[in-house]
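Visitor: Output the structure for:
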Amino acid sequence: MITPEQSKPRLILAPMEGVVDAIMREQLTAIGGYERCVTEFVRVSQTLLPNRVFYRYAPELRQGGLTPSGVPVYLQLLGSDPELMAANALRAAKLGSPGIDLNFGCPAKTVNRSQGGAALLRSPSLIRSICQRVRDCVPAEIPVTAKIRLGYDSDEQFQEILDALSSVALTEITIHARTKQQGYRPPAHWHQLRRARDSLPYPVIANGELWSPSDISRCSTVSGCNAFMLARGALCRPDLGAAVHAHYTGRDAPAFGWHETRELLLAFLHRNRELYDARYAVNPVKQWLVYLKVYYPQAAALFNRVKRITAPGEMETALLGELDLARAA
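Guide: Numbering: from 1, shown residues only. The predicted model follows:
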């Protein structure tokens with residue numbers, strides 16, 4: 001049973017590094033259900049980045065900061081220098097980014113070794129300084145959001161992190177309900193998000209182990225959140241956003257089976273060939289198939305048939321063959 005606390009969920013598409021690029025954002029938001037997206041992180045280390053870097057990570061800036069279906073795309077920054085982060089945030093805002101997101105959750109070792117992402121969870125005061133400086137520099141009408149985890153090695157500093165951030169006028173914060181040490185291993189500790197909601201003066205977005213409409217319903221009950229960032233679940237089930245809204249409104253979701261997913265893969269290949277060098281168009285399709293295997297058993301068989309393909313034309317022939325077989329059946 002859906003309670004009033006669980007009504008009208010807000011869904012955000014996560015910034016999965018190396019996976020959710022502009023093409024993936026375009027395709028998933030076209031299916032529906034998302035109110036905004038966040039780019040892969042733009043690394044800020046030593047300088048004010050040139051405009052071309054922002055356009056590369058967020059080509060949507062050339063279309064008002066929106067995907068073709070009209071969903072806003074916030075630009076995400078990752079770094080540890082408050083002044084540089086603020087300067088780059090201001091440049092992104094001037095280029096038309098609808099919002100700025102700050103990454104304090106990335107668990108990648110290469111990022112953490114250079115004092116980026118989740119490594120900053122060990123320094124709550126520095127996180128606060130970065131957020132405050134960015135908020136001070138970015139025009140007031142531009143939202144500034146952040147993403148964190150429960151902590152680095154443990155959640156012992158979680159309350160300290162929350163206390164540090166409670167004094168900054170962020171618009172919202174996304175919390176991946178695991179520590180850096182826990183990585184992506186289940187479970188996600190959704191109960192910790194209720195503590196965050198009690199400590200922070202702005203909305204908390206839940207993230208972690210959200211694979212289905214029922215997961216979101218349970219997370220809402222445990223955490224009290226009504227906003228959710230979908231990551232791997234959105235890649236494994238491309239219509240997850242639309243399915244969640246159908247679940248909460250009691251409407252029938254449009255049919256989106258394996259046949260529709262194969263058509264999506266073909267469109268994905270075509271868009272990659274249009275926007276990137278053709279030799280780089282095949283691997284993203286294979287990568288997406290690895291995620292799709294979680295929800296669609298048929299994706300495993302298809303992956304085994306195409307995993308050695310390197311030529312876009314050969315991949316297209318294989319995907320078209322799959323569609324022809326489905327239509328014949």
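Visitor: mind listing what's buried in stretch 147-159?
Guide: Buried residues in stretch 147-159, defined by neighbour count with 16 or more other Cβ atoms under 10 Å: 147-152, 155, 157-158. For every residue, glycine as well, the C-beta is placed using N, CA and C.
Visitor: same question, stretch 9-19
Guide: Neighbour-count burial for stretch 9-19 flags 9, 11-17, 19 (criterion: 16+ other Cβ under 10 Å).
Visitor: try stretch 32-47
Guide: For stretch 32-47, the neighbour count (16+ other Cβ under 10 Å) marks 32-34, 36-44 as buried.
Visitor: Show me what the mean pLDDT comes to for that stretch.
Guide: In this model, stretch 32-47 has a mean pLDDT of 96.
Visitor: if I pick L269, what's in contact with it?
Guide: L269 makes contacts with 281-282, 285, 312, 315-316, 319, as judged by Cβ atoms under 8 Å, 6 or more residues apart in numbering.
Visitor: ditto for R195
Guide: Counting by Cβ under 8 Å, 6+ apart, R195 touches 158-159, 162.
Visitor: Could you break this structure into its assigned domains?
Guide: 4-249, 258-328 (automatic domain parsing).
Visitor: Just name the most buried of the ones you listed.
Guide: domain 4-249 (a mean of 19; mean count of other Cβ atoms under 10 Å).
Visitor: Next up, phi/psi of I173, please.
Guide: With angles defined as degrees, to the nearest 10, I173 sits at phi -140, psi 140.
Visitor: I'd like the distance between the residue nearest to it when sequence neighbours are not counted and L102.
Guide: Nearest non-adjacent residue to I173, counting by Cβ to Cβ, 6 or more residues apart in numbering: A146, 5.1 Å away. With distances taken as Cβ to Cβ, to the nearest Å, A146 is found 4 Å from L102.
Visitor: which residues are common contacts for these two?
Guide: Joint contacts of A146 and L102 (Cβ under 8 Å, 6+ apart) are C131.
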